[in-house]
Structure formats: C-alpha cells, structure tokens
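[1] model the following, please.
(2 chains)
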Amino acid sequence: MLLETKGLGKRFGGLQALSDLNFQVAGPEEVVGIIGPNGAGKTTLFNLVTGIYKPTVGSIHFQGKDITGSAPDQTARLGISRTFQNIRLFNRLTALENVLASVYACGAAPWWREVLGIDRGRLRRGLQEEALRFLKFVGLAELADLPADSLPYGDQRRLEIARALATRPRLIFLDEPTAGMNPQESAEAVGLIRRIQETGVAVVLIEHDMKVVMGICDRIVVLDQGRKLAQGAPDEIRRDPAVIEAYLGKGAVSAAS
Amino acid sequence: MTNRIMLALAAGVALIPLVITSPYSLHMGILALIAVGLASALNLIAGYAGQVSFATGAFYGIGAYTAAILATRAGLELWVTLPAAVVFTGLIGLLLGIPCLRLRGHYLAIATIGFQEGTVIILLQWVDFTRGPMGITGIPKPSLPWIAFESLTANYYVAFVLVAVIVLIVIRLVASGLGLQMMAVRENETAARSVGVNTTYVKLAAFTISAAMCGALGAFYASYIGSIDPSVFGIMLSATALVMVLAGGWGTLFGPIIGGVVLTFLPEWLRVLQDYRMSLYGAILILIILFMPQGVLGVLSRLSLTLGRKEPVEGKVERNVA
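    Next up, the predicted model:
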C-alpha cells in the first residue's frame, strides 16, 4: 500500500469537513479520481495528506510509515507532491526557476558550498539541466526563461505540474488539473497525466470533468458531505444509485431506473 | 554581465580616494559604503526573502555596542571585535527570527519595530553596561595585528573591503539554492512548502545572515567613528535603510547600491535649501515610492525593455532577478 488513511477526520469549528475516511492508493500503477459535490471534502483530503492541515482524528500512512501531522515540506521531501486548485506559482520567477526551486529543496545541494564558490557553476548547471528535463516533460522547455505569471493559463497549470514532479514524488495529488481549460487543452492534460503514471508516479486527482475522470481513472472515490459515499471502477460508479442521487437528487435515481 | 558591472563598479569605488581627498568627501564616502552594506543586508531578508524588517538599526547598533564594549572594556581590537559582533548579532537575529516565523506582512513589520524600539530602550536604560545616553567614547580605530588604520583613506578601504565582502556574499547567496528558496518563500509560501522548501530554515537563515552583516557594519562604524550613543541606531536608520532598498529596487543586486549611495548624498546636496532640506527629502521619497514602486532599477529595466531588445511580456519582466 503506497498511501493509506485510517479513520481520517477533520473538523473546523462546527463544520465536520471530513469524517472517518479510509482512503488507499495501492501503488504506482494507479490513477485515483476523487469526485463529489462542492464542499464534499475533496480538497480537505488533499490538504490533510500533504500536511497543510493536521487531522482532528485518524492517521495517514505513506509507504508503511506513519506521517500523520508531518509538515507540508516534510511530506513533499518524503515523496508526496501536489498542485493547487487556484494555481500557486512563484509568479515573478522564471518557469525554469520555479522548477529549480523544487530540485534544490528536495535535493542535497549545500548552499554554503555555492556561497564559498566551490564548484558553484557546475552544480547549478547540473541542477538546471535536471529542471529543464521536467519542463520538457510537460512541454514548456521553450518558455523556460519567461516569468511564470506571463504564461498563458494552461501553461501555468502545466508548469505547476512540472514543479511538483521535480520533487521526484512517488505520489502526486492534482487538484482540478483541467479546471478552466478548453477541450483541446483538457485532452492534452489527460495525455500528460497518463505519461506521469507511466513514469511510475501514482496520481490522485480531483476533477469535475466527468469525461476526464471516467477516461483516465482506474478507481474513483466519491465523497459527499465529508464522507465516502462510494468507490470503485468508473463503470460501477457511473451506475451507482447513491452517486447519482448525490449529484442529481432523488428524482434522478427513479428516472434512471 | 552582472559580475562584470559589479567588478567595474568595485574598481571605480576603490579608485575614488586617489581622486577625491577632502576629509569631508571621504567621510561621506565611508558613510555611503556603510549604507550600501546595510541596504544590501536588508535587501536579503526584505527584498529576496520577502520578510519586511524594521530592525536594521537595532542589529547595526548591537554590532556597534558589542565591538565598542569589547574594545573599551577588554582592550580588544577590531579584527577580534568584528567577528565577535558578527557572531553575537547573528545569534540575536536568529532569536528574533524564531518568534517572527509565523508572522507575515504588517504583523511581521510591527514585531520588528517592537524589537527595534526595545533594543534602543535597553541601550539607553542599561547604564551600567552601555553607559546609556552618554554613549561609549574612545573606541580605537580599526586595526590588524600588524597595522593600524588611522587615516581616513585607510578607513575608507577597510569599509570598502567589508562592504565588498557583504555584497559578494549577497550575490552568491542569491545565485545559490538558498537564495532561490528565499525567493520562492517570498513569492508564495504555501507553494514553497508544497515543493519541499523548509521555510523555517530558509527564513531563519535569512534573518541570521542579514543580522550578522548589519552587526559587522556596526562594529566597523563604532571603531571608525570612535564614539557611539543609542540615538544613531533608532528606527530612523531602519526606515532609511528600507527606503534605500525600495527606492533603489528591491530584490535586485544593484538596487540597494544605488539607493544607499543616492540617499546618503541627497540630504547633503539639499543642504543649500537649509530649513526646507528634510521636507524636500521627504517629498522626493514619497514621489519615488508612489511613481516607482519597483525602484529606480525597475524604471530603468522597463525603459530598456520598451526601447527594444526584448518583447515586454505583459509588462511584468522588469524585476526578473538580476
């Protein structure tokens, strides 16, 4: 088991954002989709696993190790990476520098050696090449020297993915990777997610575009009001009456049957 | 490119005492060098790491008092007192950094103002140790084991070497992994943590290094000027240092150099206006902040962009880090 949450719960004051969630990612061969209405607790789950929130109850295990309560930078260095629903880039840094920051943060490059001038140029060039490989992977190599906030929206999403991949994760969480994209960009994003999986990185994604979810996910977890409503293969989820009810209301179930 | 301009600049600054020999000009030159050093140190934490600090004067003062007390009570010379001031001020910077880790924006600024004011109060009130408002006098001039730097010219070169080392460290830091992670923290702290940047470490390193640099400059200043009292190290100095960074161009290598030199000489040039001097100085600062939010360098690089060379990308390339 790559990732496993046991009885995970998060309460914000009077709001139970997530309760008693047992969620698993089996291994690098998996693409898991998380769907559910707004406020279902999808992003809360991401924020719990990546350490932005501390769980109220329950535990999180990654590669057999209890990582409950780890700080976000620790989980990133352990091998869990993520993107954000509202893109968070290092806006005034170039695309390459955005990725290079990950490479530095997750690598072992002692800065004092650079400051003292010990093989300063060589170290930097090597890491830059590494960063550039991630930009190439998402198709942004040509735009490496442009500031992140000058990139078109779709490219900003791809840059965020490149930056997340540069931490060399075992598992990547993508929060609405195709939000705001046109059909063509969306199709490209699906292709990119497939290629990420092929490199041996497990993918968990939150997505509202059902065509995307049904198309690439091996398994889908449905959340509703902070609870797991259903999970299974895309075909099972599509037919599940509880899921249809949560999305479309009670009438829709009887209409469908 | 950056390195060549820096080298040319350093060579030029090193040659100045050969041309200009009036004691007043050399004294102003030394003060300008110190200002460049302070602004560069502040730029590291405020401009690159994005943590606005009003504690520059306090760190400068702590360095100066450390050196002054060691020199007058223990008879130590600058080559001993300066490293001591660096270590002690760096340590204080680290200690200030810890409670400031969770503070951002205005709250961080207010906390550093509190530290700044608290430091001055301690310097004023702890009379047994600091001699309070009377200050410390009779601090010996800079020296090395085999040579004493008595003349103004010699002191100018000591200041030059010290500031050159500080600027060099800043240049290398900014080009290092730590520098890039500082900028990542400045740009988006949540995102920085999500890619593995240990923001605690990065911020504390920035606080410590920046404070230690101010401490070194304080130690030199005490030794150069010979007598110090708390009034020099107040919030005015902190604010002026911040204005130097902002007016020159924050988050750039040359910005604090331009800001430090210009804002040291500007009040002197305005002396002809006598009583209106400080009002005009204030007005100029307000105009710079209002109309050049990226500082002088920001305006220059935007000009060079519009004059061709590179396509402006939605007008946002101007502060691509040097």
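[2] so what pLDDT did the residue nearest to residue A:3 when sequence neighbours are not counted get?
    Nearest residue to residue A:3 in three dimensions, chain neighbours excluded: residue A:25, at 4.2 Å (C-beta to C-beta, 6 or more residues apart in numbering or on different chains). For every residue, glycine as well, the C-beta is placed using N, CA and C. Note on residue A:25: pLDDT of 90.
[3] for residue A:25, phi and psi?
    Reported as degrees, to the nearest 10, the phi and psi values for residue A:25 are phi -120, psi 120.
[4] with residue A:227 instead?
    phi -120, psi 160.
[5] would you indicate which residues of the host helix or strand of residue B:236 are buried?
    Here residue B:236 sits within helix B:235-248, counting by DSSP states H and E. Within helix B:235-248, the residues that count as buried by 16 or more other C-beta atoms under 10 Å in any protein chain shown are B:235, B:237-248.
[6] all the helices of the stretch 51-200 of chain B, residue numbers only.
    Ranges of helices within the stretch 51-200 of chain B are B:56-74, B:78-100, B:105-125, B:127-130, B:152-174, B:177-187, B:189-194, B:199-225, based on DSSP state H, counting those that start in this stretch.
[7] which SS class is the residue most central in space within chain A?
    Ranked by distance to the mean C-alpha position of chain A (C-alpha atoms, centre = their mean), the top residue is residue A:173 at 1.6 Å. Here residue A:173 is strand, with the state taken from DSSP: H, G, I helix; E, B strand; the rest coil.
[8] residue contacts, it?
    Residue A:173 sits next to A:46, A:49, A:50, A:80, A:81, A:82, A:83, A:204, A:205 when contact means C-beta atoms under 8 Å, 6 or more residues apart in numbering or on different chains.
[9] with just CA atoms, put stretch B:259-272 into CSV.
    Taking C-alpha atoms only, stretch B:259-272 is exported to CSV below (Å, rounded to 0.1, in the frame of the first residue of the first chain):
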residue,chain,number,x,y,z
GLY,B,259,19.7,53.6,-3.1
GLY,B,260,22.4,53.6,-0.4
VAL,B,261,24.6,56.0,-2.3
VAL,B,262,21.9,58.4,-3.5
LEU,B,263,20.1,58.6,-0.2
THR,B,264,23.3,59.2,1.7
PHE,B,265,24.3,62.1,-0.5
LEU,B,266,20.8,63.5,-1.3
PRO,B,267,20.4,65.2,2.2
GLU,B,268,23.9,66.7,1.7
TRP,B,269,23.1,68.0,-1.8
LEU,B,270,19.9,69.5,-0.4
ARG,B,271,21.8,71.5,2.3
VAL,B,272,21.7,74.6,0.2
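[10] okay, now residue 186: neighbour count?
    Reading this off chain A. Per other C-beta atoms under 10 Å in any protein chain shown, the neighbour tally for residue A:186 reads 19.
[11] hmm, no, I was thinking of chain B.
    23.
[12] hmm, it is touching residue B:50, no?
    Yes - Residue B:186 lies in contact with residue B:50 (C-beta atoms under 8 Å); the separation is 2.8 Å.
[13] right, and residue B:164 touches residue B:10 too?
    Yes - between residue B:164 and residue B:10 there is a contact under C-beta under 8 Å: 5.8 Å.
[14] what ranges do the helices span in the stretch 51-200 of chain A?
    A:72-78, A:95-106, A:111-116, A:120-138, A:153-165, A:183-198.
[15] and those, which one averages the lowest pLDDT?
    helix A:111-116 (a mean of 82).
[16] same for it, what does it pack against?
    If contacts are counted by 3 or more C-beta pairs under 8 Å, 6 or more residues apart in numbering or on different chains; DSSP states H and E, helix A:111-116 sits against helix A:120-138, helix B:152-174, helix B:177-187.
[17] redo that, cut-off 7 Å
    Under the contact definition 3 or more C-beta pairs under 7 Å, 6 or more residues apart in numbering or on different chains; DSSP states H and E, helix A:111-116 sits against helix B:152-174, helix B:177-187.
[18] most packed of the helices of the stretch 51-200 of chain A?
    helix A:95-106 (a mean of 28; mean count of other C-beta atoms under 10 Å in any protein chain shown).
[19] tell me if it is near chain B.
    Yes - against chain B, helix A:95-106 shows contacts by C-beta under 7 Å from any C-beta of the partner chain at A:97, A:100, A:101, A:102, A:104, A:105, A:106.
[20] for that helix, which outside residues touch it?
    Helix A:95-106 has contacts (C-beta atoms under 7 Å, 6 or more residues apart in numbering or on different chains) with A:76-77, A:89-90, A:127-128, A:130-132, A:134-135, A:140, A:143-146, A:148, A:151, A:159, A:162-163, A:166-168, B:177, B:180-181, B:184, B:195-197.
[21] what residues does the stretch 51-200 of chain A have near chain B?
    Going by C-beta under 7 Å from any C-beta, the residues of the stretch 51-200 of chain A near chain B are A:72-73, A:76-77, A:82, A:88-94, A:97, A:100-102, A:104-106, A:109, A:111, A:114-115, A:117, A:146-147, A:149-150, A:163-164, A:167.
[22] repeat that with 8 Å
    A:52, A:71-73, A:76-77, A:81-82, A:84, A:88-94, A:97, A:100-102, A:104-106, A:109, A:111, A:114-117, A:120, A:124, A:127, A:146-147, A:149-150, A:163-164, A:166-167 (C-beta under 8 Å from any C-beta of the partner chain).
[23] now chain B, which segments are flagged as low pLDDT?
    Within chain B, the stretches with pLDDT under 70 are B:302-322.
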